[in-house]
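*Asks:* Predicted model and sequence below, questions to follow.
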Amino acid sequence: MIFSNPPVNLINGAIVTRLAAIVAELDSDPEVQVVVFESDVPDFFLNHFDLAAVADFPAPGPGDVPVWTDVVLRLTKAPYITVGVIRGRTRGGGNELALAFDLRYAGLETAFFGQPEVGTAIVPGGGGTERLPRAIGRDRALEVILSSADYDAATAERWGWVTRALPDAELDKYVAGVVDRLASFDRAALATAKSMVNRAVLPPDTDLIAAYADYRRSLTLPGFQSRAGTLQQTDPQTALDVEYRLGEFLGLANQRRTS
């Protein structure tokens, strides 16, 4: 699957709806064994939610699992193996989707990761606060989430955030080898082994459902309302520059507010 929403691969309501439909189709296909996720947008794998268009995101009905939560849960539990080939910035919802993949391979020169929500006075809502601590530890996850900073691929690999970080020129060949190997194995054995590992390490589904409710609630609070324009730049070039250095921008913007 290829992500393509140029110029910076923001996640909007249409992408969430389409992704949910694709995941549902994959779940019903008994021949699918390995699914690879990548991007064709230079410098961006999958970015944060488009905060200027949050009203367009599918809203859950009473008692329903939020669509975004359902997507990340279904990918993690899917009977096929999911592999991310990550080049470029992978933040917020994009990082949460990556955390739902079984294997994450990052380009050393190009991949950056982050959870920028707190910098805009909201909170992660798709598993970042539940899954990242299990991958990299509580203190490191707190630094990532509270600082809203960007982290390079070498750091992500060292911390256990990604499976491997490889030189960009070697990334595709290495992943192709892994995919071919997995595709040659017995599908039932792969799915059962994945389920057993999931049983040992995954947070309860209810925690992710609660996190999305916390995220939705944070959108209504004064802190976000007063900062709602922070990422909404009218000049396209300025907006693009901000996305390239979002972690730095959020820190500087908030420090200026309090100085």
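*Replies:* Everything's here; your move.
*Asks:* Tell me where the stretch 151-259 of the chain has strands.
*Replies:* Along the stretch 151-259 of the chain, the segments classed as strands by DSSP state E, counting those that start in this stretch run 151-152, 164-166.
*Asks:* what's the distance between stretch 32-51 and the middle of its chain?
*Replies:* From the chain centre to the centre of stretch 32-51 is a distance of 9 Å (CA atoms, centre = their mean, to the nearest Å).
*Asks:* correction: stretch 64-84
*Replies:* Per CA atoms, centre = their mean, the centroid offset for stretch 64-84 relative to its chain is 12 Å.
*Asks:* could I get the strands of the stretch 151-259 of the chain as JSON lines with mean pLDDT, distance to residue 224 and mean neighbour count?
*Replies:* All C-beta spots, glycine's among them, are computed from the backbone N, C-alpha and C. Putting the strands of the stretch 151-259 of the chain into JSON lines (pLDDT from 0 to 100; distance: least, CB to CB, whole Å; neighbours: other CB atoms under 10 Å) gives the following:
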{"stretch": "strand 151-152", "mean pLDDT": "98", "distance to residue 224": "24", "mean neighbour count": "20"}
{"stretch": "strand 164-166", "mean pLDDT": "98", "distance to residue 224": "33", "mean neighbour count": "20"}
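*Asks:* Pull the number of nearby residues for residue 211.
*Replies:* 23 (other CB atoms under 10 Å).
*Asks:* Distance check, it against residue 218.
*Replies:* Counting by CB to CB, to the nearest Å, the gap from residue 211 to residue 218 is 10 Å.
*Asks:* Overlap in contacts, the two.
*Replies:* residue 123 (CB atoms under 8 Å, 6 or more residues apart in numbering).
*Asks:* Ok, which of the strands of the stretch 151-259 of the chain comes nearest residue 185?
*Replies:* Nearest to residue 185, of all the strands of the stretch 151-259 of the chain, is strand 164-166, at 19.2 Å by CB to CB.
*Asks:* Now do the residue nearest to residue 221 when sequence neighbours are not counted, the pLDDT please.
*Replies:* The shortest distance from residue 221 to any non-neighbouring residue, by CB to CB, 6 or more residues apart in numbering, is to residue 121 (7.1 Å). You'll see residue 121 listed with a pLDDT of 95.
*Asks:* tell me the contacts of residue 121?
*Replies:* For residue 121, the contact set (CB under 8 Å, 6+ apart) comprises 218, 221, 223, 224, 226, 227.
*Asks:* now the residues you listed in JSON lines, with neighbour count and distance to residue 177?
*Replies:* Output for those, formatted as JSON lines (neighbours: other CB atoms under 10 Å; distance: CB to CB, whole Å):
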{"residue": "218", "neighbour count": "18", "distance to residue 177": "42"}
{"residue": "221", "neighbour count": "12", "distance to residue 177": "47"}
{"residue": "223", "neighbour count": "12", "distance to residue 177": "47"}
{"residue": "224", "neighbour count": "18", "distance to residue 177": "44"}
{"residue": "226", "neighbour count": "11", "distance to residue 177": "50"}
{"residue": "227", "neighbour count": "18", "distance to residue 177": "45"}
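*Asks:* farthest-separated two in the residues you listed?
*Replies:* Every pair of these checked by CB to CB; the farthest is 218 and 226, at 12.7 Å.
*Asks:* where in the stretch 151-259 of the chain is pLDDT low?
*Replies:* 229-234, 257-259 (pLDDT under 70).
*Asks:* I'd say residue 20 and residue 67 touch.
*Replies:* Yes - counting by CB atoms under 8 Å, residue 67 is a contact partner of residue 20 at 5.2 Å.
*Asks:* what do the two both touch?
*Replies:* Residues touching both residue 20 and residue 67 (CB under 8 Å, 6+ apart): residue 58.
*Asks:* residues near residue 13, how many?
*Replies:* Other residues close to residue 13 by other CB under 10 Å number 18.
*Asks:* Check the one 4 residues further on too.
*Replies:* Around residue 17 there are 15 other residues, counting by other CB under 10 Å.
*Asks:* Which strands or helices does the helix or strand encompassing it pack on?
*Replies:* For residue 17, the host element (DSSP states H and E) is helix 13-27. Packed against helix 13-27 by the contact rule (3 or more CB pairs under 8 Å, 6 or more residues apart in numbering; DSSP states H and E) you find helix 67-77.
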